[in-house]
Each structure stands twice: as C-alpha cells, then as structure tokens.
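Novice: Output the structure for:
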Amino acid sequence: MRMFNISKETVRQWSQAFLEFLSPTAKPEKGRHRYFTEDDVKVFAWIHLRKGEGALYDEIRVELRNGMRGEVPEEHVVALASAERQMQIVLLQETIERLEAEIERLEAEKEDLLEQLRPLQEENIKLKTELQTTREMLQNRINDLTEELGAIREKANQELRELYREIAKLEARVERDG
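Specialist: I've put the predicted structure just below:
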C-alpha cells in the first residue's frame, strides 16, 4: 500500500492478522485481486500508526474492536474514491460473469432435464392411450356381461314361470285326485 509506504507482503500479513476488521473485498477468494474500501484503508492507517509506535497486534485488535481507525491522508482521498469506484465496477463485472456462468449452467441443466422429460412424456402418452383402450375394453366386457346376465335372468325367470305352472298343475291334480 503505497500511501503508507508498506510492502505487498506487509499488506498480506496485516490482511491476515486483522481479517475480522476488513471488508470481504480485502480478503478475496484465491486467484482474485484484493480491493480495499475506505474503511479498510482507515484500518490500515490505524495499524500503521500503532505499529510505528511499537504496539503489539493484540493491542491493535482491541483498539480496532473499540472502533479506533486512522485517517486517510488527504492527498489520497480522491485516488481512494476513484479506486473504490473501480473496485465496484470490477466487483460488478465479476458478479455479472458469475451470474452469466450460473445462467449458462442452469440453462444446460434445464436442457438435460427436458431431454430426460421427453421419453417420460412419450411414455405417459402411451400409457394414457393404453389406459383408455383398456377402459373401453373393460366397459365393452361389462356391457357384454350385463347383456349376458340379463339374458340368463330372463331365461331363469321364464323357467321359473314354467316351474310354477308345473307346480300349479301338480297341485291341482293332487287336489283333484286326492
């Protein structure tokens, strides 16, 4: 960090040691650039000031937890604001790239699912057709059996009537002969 005349290694060390006080952009995922907000710079300003006075990391952490922050040197305020805007642009671009990749992944997943769905839809249509055919066959069989049962019932009723006539004749003969 040029404004405090500290090396990249020192920035890395302080970023690790004081991680809890820094923004997410100051501690990016591996392979990403490190971006510092104005508040991050104020944290570094405080660390720089206190380290210059010989303070230990533990003392500085306590002070940072209590809200202590350093001041951004005036000559760097405009540059910092510009850097923050640039950081926001980069973060937005990264977010857009991630979202586009996610959209692409989801579209591919959707296509895979549609491919898996097509045979199921065809099978569903086939099964519905078979079900309708089976339903019609069963309904025809029920109709046939109902007709058959009606015919059997009619024949049975006819035979019963004949039996009742026979019984009536026999009863009449028994009464006459008897």
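Novice: Stretch 106-124: how far from the chain's middle?
Specialist: 17 Å (Cα atoms, centre = their mean, to the nearest Å).
Novice: what do you get for stretch 98-107?
Specialist: Centroid displacement of stretch 98-107 relative to its chain, using Cα atoms, centre = their mean, is 14 Å.
Novice: do the same with stretch 149-168
Specialist: Its chain's average C-alpha position is 71 Å from that of stretch 149-168, according to Cα atoms, centre = their mean.
Novice: Give the rounded mean pLDDT of that stretch.
Specialist: Stretch 149-168 shows a mean pLDDT of 95.
Novice: Buried residues in it, which are they?
Specialist: Residues of stretch 149-168 include none that count as buried (16 or more other Cβ atoms under 10 Å). The C-beta positions use only the backbone N, C-alpha and C, and glycine is treated the same way.
Novice: export that stretch as CSV, just CAs?
Specialist: Extracted as CSV, the C-alpha positions of stretch 149-168 are listed here (Å, rounded to 0.1, in the frame of the first residue of the first chain):
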residue,chain,number,x,y,z
LEU,A,149,-76.7,-61.7,-17.3
GLY,A,150,-79.9,-60.1,-18.5
ALA,A,151,-80.4,-63.0,-20.9
ILE,A,152,-79.7,-65.5,-18.2
ARG,A,153,-82.0,-63.7,-15.8
GLU,A,154,-84.7,-63.7,-18.5
LYS,A,155,-84.3,-67.4,-19.2
ALA,A,156,-84.2,-68.2,-15.5
ASN,A,157,-87.4,-66.2,-15.0
GLN,A,158,-89.0,-68.0,-17.9
GLU,A,159,-88.0,-71.4,-16.5
LEU,A,160,-89.3,-70.3,-13.0
ARG,A,161,-92.7,-69.4,-14.6
GLU,A,162,-92.8,-72.7,-16.3
LEU,A,163,-91.9,-74.5,-13.0
TYR,A,164,-94.6,-72.5,-11.2
ARG,A,165,-97.1,-73.6,-13.8
GLU,A,166,-96.0,-77.2,-13.5
ILE,A,167,-96.3,-76.9,-9.7
ALA,A,168,-99.7,-75.3,-10.0
